[in-house]
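Novice: no sequence for this one, just the structure:
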Ligand code: PRP
Ligand code: URA
């Protein structure tokens, strides 16, 4: 996986506020939205485009438009939903698929509880969005769903990643597909219960509150 780590003072500033345990949910949601817009700018650098003609008030000019078929954005529920608006703001013609994955907190394995992806993703650029890449189990599962539907070009956009998770994605996906990733920061490690350290805690809970299911 080709990984791009954002290096921008505004991104570092916003991530610092996200990490703060006293940042309330409304501010947290706003920051996630702002951060994804900044990250998506770089993550969409290779978005497929085609030439088009545009009539200006004076003449005809050659321009650029997003190619067909349009890209598909896939938020990994729940926490990935917090990144969806920021991503679609930048890619308004993209379609949206949904994957509901819940990490089993005992085994740390990703469990799928919802899958609304098109059956055929051949030729589609897929943007997977999830704030946290911890063990990498959820992201690997999501990439596998995209690959088994024919996608060959997958970009993952995350806010924080652990080195162990990045390695896991490399090991599992290898050269099977063109997978790239954009993250705001790579943290130090995972703790003994699979949380990113220093991290920001449970992203889903911080965005949407705690659910006991
Ligand atoms: C979080 C996060 C990722 C996953 C990362 O979701 O949003 O999807 O954990 O962990 P991993 O890399 O070890 O798989 P969680 O399963 O807690 O669900 P939620 O978004 O509903 O809170
Ligand atoms: N999921 C989260 O939300 N946070 C972590 O630190 C690890 C997994």
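Specialist: Cool, the structure landed. Quantities reported herein were computed from a predicted structural model and do not represent experimental measurements. Ligands and ions are numbered 1, 2, ... in the order given.
Novice: only C-alpha atoms for contact and neighbour calcs from this point on.
Specialist: Noted.
Novice: Could you pull up the residues touching the one residue sitting closest to the centre of the chain?
Specialist: By C-alpha atoms, centre = their mean, the chain has its centre lying nearest to residue 129, at 2.0 Å. Counting by C-alpha atoms under 8 Å, 6 or more residues apart in numbering, residue 129 touches 73, 74, 75, 76, 80, 83, 84, 156, 157, 158.
Novice: Quick check: beta-bridge partners of it?
Specialist: Using DSSP bridges, the bridge partners assigned to residue 129 are residue 75, residue 157.
Novice: Tell me the pLDDT of it.
Specialist: The model reports residue 129 with a pLDDT of 98.
Novice: Quick check: the gap between it and ligand 1.
Specialist: As judged by C-alpha to the nearest ligand atom, to the nearest Å, residue 129 and ligand 1 stand 9 Å apart.
Novice: same thing with residue 209?
Specialist: Distance of residue 209 to ligand 1, computed by C-alpha to the nearest ligand atom: 9 Å.
Novice: Point out the residues in this protein that sit beside ligand 1.
Specialist: For the chain, the residues in contact with ligand 1 (C-alpha under 6 Å from any ligand atom) are 76-79, 101-103, 108, 110, 130-138, 203-205.
Novice: among these, which are in reach of ligand 2?
Specialist: By C-alpha under 6 Å from any ligand atom, the members of the residues of the chain next to ligand 1 lying near ligand 2 are 132, 134, 203, 204.
Novice: Most neighbours out of the contacts of residue 129, which is it?
Specialist: Neighbour counts for the contacts of residue 129 (other C-alpha atoms under 10 Å) peak at residue 157, which has 30 neighbours.
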